[in-house]
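> Coordinates for the following, if possible.
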Amino acid sequence: MRRTIRGAKLAAVPLAFAGRQVAGASKKAIGRPADEVDREIQLRTAEHMAEVLGELKGCAAKLGQILGIYELALPPELAEPYRIALSRLQDAAPPMLPRSVHAVLAESFGPDWRANFRDFDDRRAASATIGQVHRAIWHDGRVVAVKVMYPGARGAIDSDLRQLRGLAWLAPVFAPHADGPAIVDELAECLRAELDFEAEAQNQRRFAEAYADDPDFKVPQVVAQRGDVIVSEWLDGIPLSRLITAGAPEERDRVGMLAIRFFWSSAPRSGLLYGDPHPGNFRVLPDGRLGVVDFGACPVWPPAQFPTLVHDMADALLNGGPAELDSFARRHGFIDGKRGLDSAGLAEKLLPFTELLRHDTFRVNIDWLRGRTLDAMSPKLSNAYRQLGVPAYLMPFQRALVTLFGLVAQLDTTGPMRDEVLRWSPEFRTVMERHRVRTGQPTDLNAVRLRRAGAPAAGFAAG
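Prediction:
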């Protein structure tokens, strides 16, 4: 689609939103409930964004992919527009014609690019937001995956990013005090990183080295990278989409816990955050290991201030109270000195997340995720989440964590999530040890109650 048309479609979103806000103010003035008006504005904006994102690729498609995770947690009347957008993004993207694929390969490897392969399948094996993957046989006989960037992807994404900066002021629909421009800038950095195939190949090599010979995970080795092409080892396996719809509960639990392990271990083991843990980037291999692909969005992690933030937040929630939570929010930039914070209300909304750390086993499913997201996105003025901003540097972690929760919820995962988090986070371990000493009790009070009642210990089920 021509750049001017893409720009016009994206630019129309904030203009339409502004019109709805003006109309909404009039409706409130004549007595319609504010919550009802705000919800109507949110619904119509979602429908419009879904319509636009469903027709575009580039970073608009990546944003649609993120919205696809949120769709899992929204009520049906709000979820439908995002479901439509995601369906369009998955089903309507046409494959590159062979001549276009060959042109990219010739530009990257030279006119004799076929000399690198014994065989190359022109049919698309998989697609991504900025390219597609082909199966081939490398010149030494190895089966490889050849990731080829769409021609013109850089120009399309640069154009989209300029327009998305105009959408930053839509942030008040969901978070009135979020720094919209700063968050969009951080998202832009993530998206531009995915356009740098040389950096992606370096990230993948780093992960492959960190997880070499791991009994639980397989990161394919990079065979070659030139220009807009990455050649990696081919992974045969079951896509998680099939496991989500037809997998046995025990296997879904096992794979969900492996996904949690890979995410939380990525930074301690590789020095990089695995930033895109959505179902399409994992495969269950024949030997049971979890295969992991796509290493474009993998920033160096953690920032210097992040470990202290994790410790202080967990300590305020588990060992403190509203006053400590208020102090944490101001100290780490979630709220400034000019605004008040309903700390007690915020603590109540965050309590379900602390339950994950209070029990030996925990269940994350769609109902649980929907409840947490509805808490966060409620348009009510009394919603304590709406009093918070989000430091821009947290954007990569926040996006990745939300995506992980979406994956784990789709798998309907039950398992020892606390132990997995504590294994890789010394900050959480310190807080939990203080909690144990302070309370004088084991962390899993549910298991204690069951033992006292003479019943076998069972996992805590949320949702």
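> neighbours of residue 348, just the number please.
13 (other C-beta atoms under 10 Å). Backbone N, C-alpha and C define where each C-beta goes, glycine included.
> mind listing what it touches?
Residues near residue 348 by C-beta atoms under 8 Å, 6 or more residues apart in numbering: residue 384.
> And stretch 108-116, what's buried?
108, 109, 113, 116 (16 or more other C-beta atoms under 10 Å).
> any residues touching it, and which ones?
102, 105, 106, 120, 138, 139, 224, 226, 227, 228, 229, 231.
> hang on, the earlier thing: among the buried residues of stretch 108-116, name the ones in helices.
Per DSSP state H, helices hold the following members of those: 108, 109.
> closest to residue 127 among the buried residues of stretch 108-116?
residue 108 (18.7 Å; C-beta to C-beta).
> can you tell me how far that closest one sits from residue 411?
Separation of residue 108 from residue 411 (C-beta to C-beta, to the nearest Å) stands at 37 Å.
> now residue 145
For residue 145 relative to residue 411 (C-beta to C-beta), the value is 24 Å.
> more crowded one of those two?
Neighbour count, other C-beta under 10 Å: between residue 145 and residue 411, residue 411 has more, with 24 against 19.
> That one touches residue 258, doesn't it?
No: the pair residue 411 / residue 258 is not scored as a contact, 10.1 Å apart, by C-beta atoms under 8 Å.
> Quick check: the spatially most central residue of the chain vs residue 427, distance?
The residue lying closest to the centre of the chain (C-alpha atoms, centre = their mean) is residue 403, at 2.7 Å. Between residue 403 and residue 427 the distance is 22 Å, computed by C-beta to C-beta.
> Any chance of CSV for the contacts of stretch 108-116, columns distance to residue 309, secondary structure and neighbour count?
Formatted as CSV, these follow (distance: C-beta to C-beta, whole Å; DSSP: H, G, I helix; E, B strand; the rest coil; neighbours: other C-beta atoms under 10 Å):
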residue, distance to residue 309, secondary structure, neighbour count
102, 49, helix, 16
105, 45, helix, 24
106, 48, helix, 14
120, 48, strand, 19
138, 44, strand, 19
139, 49, coil, 13
224, 40, strand, 15
226, 40, strand, 17
227, 39, coil, 16
228, 37, coil, 21
229, 39, strand, 23
231, 39, strand, 25
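> Could you identify the most distant pair in those residues?
139 and 228 (20.1 Å).
> Could you list the domains of this structure?
3-92+153-192, 94-151+196-234, 237-463 (automatic domain parsing).
> Looking at the buried residues of stretch 108-116, which is nearest residue 281?
Checking the buried residues of stretch 108-116 against residue 281 by C-beta to C-beta gives residue 108 as the nearest, at 22.9 Å.
> So what does the closest residue to the closest one other than its chain neighbours have for phi and psi?
In space, and not counting its chain neighbours, residue 108 is closest to residue 227: 3.2 Å by C-beta to C-beta, 6 or more residues apart in numbering. As for residue 227, its main-chain torsions (degrees, to the nearest 10) stand at phi 50, psi -120.
> Assess the claim that residue 132 and residue 123 are in contact.
No: using C-beta under 8 Å, residue 132 is not in contact with residue 123, being 10.0 Å away.
> okay, these two: which has more neighbours?
For residue 132 versus residue 123, the count of surrounding residues by other C-beta under 10 Å is larger for residue 132: 20 against 9.
> Just to be sure, that one is in a helix?
No: checked against DSSP: H, G, I helix; E, B strand; the rest coil, residue 132 lies outside a helix; its state is strand.
> so what's it scoring on pLDDT?
pLDDT for residue 132: 91.
> what sits against residue 215?
residue 289.
> quick one: which helix or strand includes it?
Under DSSP states H and E, no helix or strand contains residue 215.
> same question, residue 230
Applying DSSP H and E, one finds residue 230 within strand 229-233.
> ditto for residue 405
Going by DSSP H and E, residue 405 is part of helix 395-410.
> Partner strands of the helix or strand following that helix, with direction?
For helix 395-410, the following helix or strand on the C-terminal side (DSSP H and E) is strand 413-415. Here strand 413-415 is paired, per DSSP bridges, with strand 362-364 (antiparallel).
> can you give me the mean pLDDT across the partner strand?
pLDDT averaged over strand 362-364 gives 96.
> what's the answer for stretch 248-260, then?
Averaged across stretch 248-260, pLDDT comes to 98.
> Any idea which helix or strand in this structure has the lowest mean pLDDT?
helix 445-452 (a mean of 45; mean pLDDT, DSSP states H and E).
> low-scoring stretches of the chain, by residue?
1-18, 42-43, 46-94, 129, 159-160, 162-184, 186-187, 337-339, 379, 441-463 (pLDDT under 70).
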